[in-house]
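**Q** got a sequence here, can you build the structure:
(2 chains)
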Amino acid sequence: MVEPLGSQEIDLKDRHTTLTRRIVLTGGAGCALTLIIPRLVRGSIARGSADADTGAPAGGGNSELYVYRGSDRSRTVIAATWTEPPHSESELRVHAGKQSWTVEVQGVPSIPIFSQQDECQLFSGDILDRVHGHGARLKAAVIEAPTHIITSGRVAGVWAERFSQDGTRVRFGSAFMARLVATDPAAAKLYHASSPTEDGEELTERVAKAIAANARASGYTGNASAYGLRVASAITPDAVLFDPISPVGFTFAAQNGRHPDDPVQSVVDSVLNGTLTTRISPPSLPLEDRFPYFPQPTRV
Amino acid sequence: MSHHFDTPTAKEDPRINICDFYLFDGAPGTTVMALTVNPDAARLAPDTFRDEGIYAFRFDLDGDSREEVTFKVRFGEIGHAGGDEHKHVQSLQLRRATGAEAISGAAGEVLLEGKTGQIVQKSGIRLYAGLAPDLFAGDAFAILHFMATFYKENRYDPDAFLHRQNYFDKRNVSVIVIEVPNHLIGKGTVHAWTTVSLYGHAPEVQVSRWGLPLVTHVFLGDIAQDGKKEDLREKFNRSVPADDVVNFAAPIADFAQKMATTAGSAVHPAEYAKQIVGRLCPTTLSYELGTQAAFDQAGFNGRALADDVMDVILTLTTNRPLADGVAPDRSRMRSEFPYFGEPFTSAEQVGLKPPAKAT
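**A** Here you go, the predicted model:
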């Protein structure tokens, strides 16, 4: 069965590369579950930042996307987390294989929203920042769905886009791109204005330059430009790739999905720098045993 | 120590013990393949090649882990260059074999003939065999200590790698370097490995195999199978990549899972172990012909002389960025064939300690 919009099969067993190859994805709308929140003021949706020269849109910080096998192995958890200014509301669209979900996220005071439809569970609201602790909060949307509706045994590309009230759009994808766009405004501008099916040569070239610069700064002794191009070609188009049949985990050996506790930063930094780099920020708070799995602030 | 001092057979005769295998882009339109034997050549090992040996570079072109093209090098009896009893010279011959001849035997189309210690070239093909600097860099004492701590104390000790001494520095090896136009190999991505077989008065027997660095030393070490300690390294050297999954997936996974658990480096150590098996089995070196070779944390695409494979394998072993603090000596590399630089002289080797022995 061929995925629409030119997606391609991925062979995660292509062993000569640590980086799983990218596919052209479909973001087609399938079973869309929308949480309707009364009195939500929906901002206009615009692609790209209102301030064209500033690169990354405001509020796009710490955008992380997780895709992992649930404790019930027949289910998959997709979670997006981000920092957002207080009182902000936004709409998050999650695209996973042939499925899409639209989630409205309230501002402060945040009331967690739970919903269940068909076999999917959804959550949106505040969660505790597990890494920084001390009561710091993040916004989150968590979806748990049967794996078979996300992928029929093939590799699914998962990505998300968040639309804020001020019209900005922030895109979520792999941990590699999350780090790159956080430090490279030019790459961020291109990235947040496009979708995986639109990731083209311009983004790849910009990413390659950013990686080459990282490599030189890190003391890479080989051809930094060639290295940057090789890595950029492997991580664009960008999405979190998830193959439920292959071994899961975001590791130095392979990147199949991403669990919230995977020590991704060392992998990401080492690959993007071209030199082994240690950056371990283990979570100080454990995940919980039940949906939505991310610890939530205690409501007063 | 990619393969240095590997098995009983190799320890008996270092001339048939493959230490390393390199595969990288040479002159435009060509690929270079190189293997080294004789760890610490001309000191603790000979500086010659075994005349009963078939030194082979094998290429799987269709992904079935079986070779379709093989380049074979054989050597004649040892003579003395210019009557100097300290300078050895051997005749050599390079053949290219396809089909059934690629799999076994000494047959194949003769491409080049010449002598060791000299570059031989014809029709865009170049060959060199002789003494060369050992370009592998690794802190042998550190990894031995690291592995001993893991097995005996069930403890992950990255501080072992603070030792930071390259035990292969200033040592020589015997190298065979071949540069061929890419069309003599194939197209696209190939999967390669090297072997040494003994061939002559007795039926051919493979005694050494090399696909990826450090697999036998790290992943096939002190593993107990069914309560018995099996010499998996010897089994590896005598087997073929097509059987690697059946023979070695389980012990590799077992080791990787235990290491990830001990290091606390993976959410699901069993899943990580499967990922490692996916990377290492079959144990062949993938390379896309015509591209820049690199064996690094971004992936395996051939192996260039300057690639620090020890750090890459240590990191994969533990799922932590782990480096031993030493790197291949670029000052002993050339930008042109035979790419290996001048061997170390006796004067440069004064004070060298004996090589570390694998346990």
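**Q** OK, contacts around the residue lying closest to A:Q265 once chain neighbours are set aside?
**A** Leaving aside its chain neighbours, A:Q265 sits nearest to A:R279 (4.3 Å; criterion: C-beta to C-beta, 6 or more residues apart in numbering or on different chains). Just so you know, the C-beta spots here come from the backbone N, C-alpha and C atoms, and that holds for glycine as well. For A:R279, the contacting residues are A:Q265, A:S266, A:D269, by C-beta atoms under 8 Å, 6 or more residues apart in numbering or on different chains.
**Q** the last one belongs to a strand?
**A** In this case it means A:D269. No - according to DSSP: H, G, I helix; E, B strand; the rest coil, A:D269 belongs to no strand; its state is helix.
**Q** gap between it and chain B?
**A** Here the criterion is C-beta to the nearest C-beta, to the nearest Å. By it, A:D269 lies 8 Å from chain B.
**Q** with the first one instead?
**A** Distance, A:Q265 to chain B, using C-beta to the nearest C-beta: 10 Å.
**Q** mind checking which helix or strand that residue is in?
**A** Following DSSP states H and E, one finds A:Q265 within helix A:264-273.
**Q** counting by contacts, list what that helix packs against.
**A** helix A:175-183, helix A:201-217 (3 or more C-beta pairs under 8 Å, 6 or more residues apart in numbering or on different chains; DSSP states H and E).
**Q** how about those helices, which one is nearest chain B?
**A** helix A:201-217 (9.5 Å; C-beta to the nearest C-beta).
**Q** the helix or strand following the closest one: how far from the chain's middle?
**A** Using DSSP H and E, the next helix or strand after helix A:201-217 towards the C-terminus is helix A:224-235. Taking C-alpha atoms, centre = their mean, to the nearest Å, one finds the center of helix A:224-235 at 21 Å from the center of the full chain.
**Q** which strands and helices sit next to helix A:224-235?
**A** helix A:201-217, strand B:294-296, strand B:299-301.
**Q** quick check, whichever helix or strand comes after the last one touching chain A?
**A** Going down the chain from strand B:299-301, the next helix or strand is helix B:309-318, by DSSP H and E. Yes - Helix B:309-318 lies in contact with chain A when judged by C-beta under 8 Å from any C-beta of the partner chain; the contacting residues are B:D311, B:T315, B:L316.
**Q** who wins for most neighbours among the residues you listed?
**A** Using other C-beta atoms under 10 Å in any protein chain shown as the neighbour criterion, B:L316 leads these with 27 neighbours.
**Q** check contacts around A:A141.
**A** A:A79, A:A80, A:L92, A:V94, A:V103, A:V105, A:L122, A:F123, A:S124, A:A160.
**Q** just send these back as JSON lines, with secondary structure and pLDDT too.
**A** What follows is the contacts of A:A141, written out as JSON lines (DSSP: H, G, I helix; E, B strand; the rest coil; pLDDT from 0 to 100):
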{"residue": "A:A79", "secondary structure": "strand", "pLDDT": "97"}
{"residue": "A:A80", "secondary structure": "strand", "pLDDT": "96"}
{"residue": "A:L92", "secondary structure": "strand", "pLDDT": "93"}
{"residue": "A:V94", "secondary structure": "strand", "pLDDT": "95"}
{"residue": "A:V103", "secondary structure": "strand", "pLDDT": "89"}
{"residue": "A:V105", "secondary structure": "strand", "pLDDT": "83"}
{"residue": "A:L122", "secondary structure": "strand", "pLDDT": "93"}
{"residue": "A:F123", "secondary structure": "strand", "pLDDT": "92"}
{"residue": "A:S124", "secondary structure": "strand", "pLDDT": "91"}
{"residue": "A:A160", "secondary structure": "strand", "pLDDT": "97"}
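**Q** among the residues you listed, pick out the one closest to chain B, please.
**A** A:A79 (14.4 Å).
**Q** so what's the residue count around the closest one?
**A** 24.
**Q** isn't it right next to A:V142, touching?
**A** Yes - counting by C-beta atoms under 8 Å, A:A79 does reach A:V142; the two are 4.5 Å apart.
**Q** residues shared between the contacts of the two?
**A** A:P292, A:Y293, A:F294.
**Q** near chain A, which residues of the stretch 251-359 of chain B are found?
**A** B:265-268, B:271-276, B:278-279, B:286-288, B:292, B:294, B:296-301, B:304, B:306, B:311, B:315-316, B:319-323, B:327, B:330.
**Q** which among these count as buried?
**A** B:265-268, B:271-276, B:278-279, B:286-288, B:292, B:294, B:296-301, B:304, B:306, B:311, B:315-316, B:319-323, B:327 (16 or more other C-beta atoms under 10 Å in any protein chain shown).
**Q** what's the helix or strand for B:A253?
**A** helix B:244-263.
**Q** please read the previous query as pertaining to B:S174.
**A** strand B:172-181.
**Q** can you give me the buried ones in the least confident helix or strand in chain A by mean pLDDT?
**A** Here the helix or strand of chain A ranked lowest by mean pLDDT, DSSP states H and E is strand A:113-117, holding a mean of 80. Neighbour-count burial for strand A:113-117, with 16+ other C-beta under 10 Å as criterion, is recorded at A:I113, A:S115.
**Q** list the buried residues in stretch A:146-165.
**A** Applying 16+ other C-beta under 10 Å to stretch A:146-165 flags A:147, A:149-151, A:155-165 as buried.
**Q** biggest separation within these, which pair?
**A** A:V155 and A:Q165 (34.5 Å; C-beta to C-beta).
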